[in-house]
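[1] below are the sequence and a predicted model for it; my questions follow.
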Amino acid sequence: MTYTQRWFLLSMLVLIGILIYLLKPILSPFLVGMILAYLGDPIADRLEAKGMSRTLAVITVFIVLSLVFGILLLIFIPLLAGQIKTLIHQLPIWAAWLEENAFPWVYQHLGVDPESLKVNNVTRHIVSKWQTAGNLLTPILKSATDSGVAIITALTNLFLIPVVTFYLLRDWDVMTAKVGSLLPRNLEPVVAKLALECDEVLGAFLKGQLVVMLCLGIIYAAGLWLVGLQFAIIIGLTAGLASIVPYMGFIVGIGIALVAAVFQFDTWLPFVGVVVVFMVGQALEGMVLTPLLVGDRIGLHPVAVIFAILAGGQLFGFVGVLLALPIAAVIMVLLRHLKDIYTLSALYHANQQPITPDE
């Protein structure tokens, strides 16, 4: 890479970062569309290889994904809404149980006065907020009605996502080929190699881990529903979403499920059922889902995943959350290559003779 190329690429990266920061209020539908197009491109390529035109393959993928998404919404939204409504009514009962049973037990056995921690005030505050949650809809709707621009913007974003996804998916291969043709010829082989490695990592994560999360959410929700847990869907989907970080879904899910079981059941058998559900889910994730759908190519440490999501959200909001993991995956690939370059350099070997790649 020449001196001029280095400064040019660095300038481009800085410019892209500034543009993302300045345009982040309007980037969400485009980034969501780009992610969906990236996920659907391999399926469209397979259909195209079987003789379909690109447009027909994209339409087929688009219709199938839309039907699957719509069916999932029709199934889960009513169930989820019902469980949230039940949860709102149950919170005052749980708060009363804590004050009458749990807090006295804590004081008797641990010597901790709940009043010193102001736990009672916190629970009363939460309960009062949840009790008035049903009345919050009116001012929210009024505010939304008063702000016609916000409504138009939200509806436009919802409309743009499928439109952007369709056109990006149709022209995905053409766009990637054009980007490759614009690269400096001396850098194109290296960039192509790095892009291939990044694609493997991103594919393993986006195309694999997201499916693993969905499968785990369904497994946990179905298992807890068979156990008879009242909030099976909420807890199952929460555990599935938390599975974006390895073992986090298991820890969060089983913790919430056991707490919910304490308030619902009087016998020990449902507690065993909850533990069995999450043990089975964890076993399926480790022995079937992750090896089959993700493999060992991802290379993202759980701590790196947590840091990337928090950092992206802090810097760029929702747009940053969408970009966090893809950028983190690319950075991990680049860091591996930088490490190789560093260990071969004079900077690493100090006064020793630097090692050439051929050696």
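    Noted; the coordinates are in hand. Numbers count the residues shown, from 1 in each chain.

[2] by contact count, what packs against the helix or strand where Lys178 lies?
    Taking DSSP states H and E as the definition, Lys178 sits inside helix 172-182. Using 3 or more CB pairs under 8 Å, 6 or more residues apart in numbering; DSSP states H and E as the contact criterion, the elements in contact with helix 172-182 are helix 3-49, helix 188-202. From N, CA and C alone the C-beta is placed, and that goes for glycine too.

[3] mind putting the ones you listed into a markdown table with mean neighbour count, mean pLDDT and distance to Pro162?
    Shown next, in a markdown table, are these (neighbours: other CB atoms under 10 Å; pLDDT from 0 to 100; distance: least, CB to CB, whole Å):
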| stretch | mean neighbour count | mean pLDDT | distance to Pro162 |
| --- | --- | --- | --- |
| helix 3-49 | 15 | 85 | 8 |
| helix 188-202 | 15 | 82 | 22 |
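
[4] do you know which of those helices lies nearest Gly240?
    Ranking the helices and strands packed on helix 172-182 by proximity to Gly240 (CB to CB) places helix 3-49 first, at 17.3 Å.

[5] so what does that closest one touch, helix or strand wise?
    So helix 3-49, by 3+ CB pairs under 8 Å, 6+ apart, packs with helix 54-97, helix 148-170, helix 172-182, helix 302-343.

[6] in the stretch 251-359 of the chain, where is pLDDT below threshold?
    294-300, 318-319, 322, 350-359 (pLDDT under 70).

[7] ditto for the stretch 101-250 of the chain
    101-103, 105-154.

[8] count the neighbours of Ile234 for me.
    20 (other CB atoms under 10 Å).

[9] again with Phe166
    Phe166 - counted by other CB under 10 Å - has 19 other residues nearby.

[10] how near is it to Pro42?
    Shown here: Phe166 relative to Pro42, a distance of 16 Å by CB to CB, to the nearest Å.

[11] surely Val274 touches Leu224?
    Yes. Using CB atoms under 8 Å, Val274 is in contact with Leu224, at 6.8 Å.

[12] anything in contact with each of these two?
    Ala257 (CB atoms under 8 Å, 6 or more residues apart in numbering).

[13] between these two, which is the more surrounded one?
    Comparing Val274 with Leu224 by other CB under 10 Å, the one with more neighbours is Leu224, at 28 against 25.

[14] tell me how many other residues crowd the spatially closest residue to that one that is not a sequence neighbour.
    Closest residue to Leu224 in three dimensions, ignoring its sequence neighbours and counting by CB to CB, 6 or more residues apart in numbering: Ala232, at 3.6 Å. A count of neighbours around Ala232, defined by other CB under 10 Å, yields 23.

[15] how about the contacts made by Ala232?
    Gln83, Ala221, Ala222, Gly223, Leu224, Trp225.

[16] can I get those in JSON lines with secondary structure and distance to Val305?
    JSON lines is the format used below for these (DSSP: H, G, I helix; E, B strand; the rest coil; distance: CB to CB, whole Å):
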{"residue": "Gln83", "secondary structure": "helix", "distance to Val305": "28"}
{"residue": "Ala221", "secondary structure": "helix", "distance to Val305": "23"}
{"residue": "Ala222", "secondary structure": "helix", "distance to Val305": "26"}
{"residue": "Gly223", "secondary structure": "helix", "distance to Val305": "25"}
{"residue": "Leu224", "secondary structure": "helix", "distance to Val305": "25"}
{"residue": "Trp225", "secondary structure": "helix", "distance to Val305": "29"}
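
[17] for the residues you listed, which entry has the maximal number of neighbours?
    Highest neighbour count within those: Leu224, with 28 neighbours (other CB under 10 Å).

[18] coming back round to it: hmm, who's touching the helix holding Lys178?
    Against helix 172-182 from outside (CB under 8 Å, 6+ apart): Ala37, Tyr38, Asp41, Ala44, Asp45, Arg54, Leu168, Glu188, Val191, Ala192.
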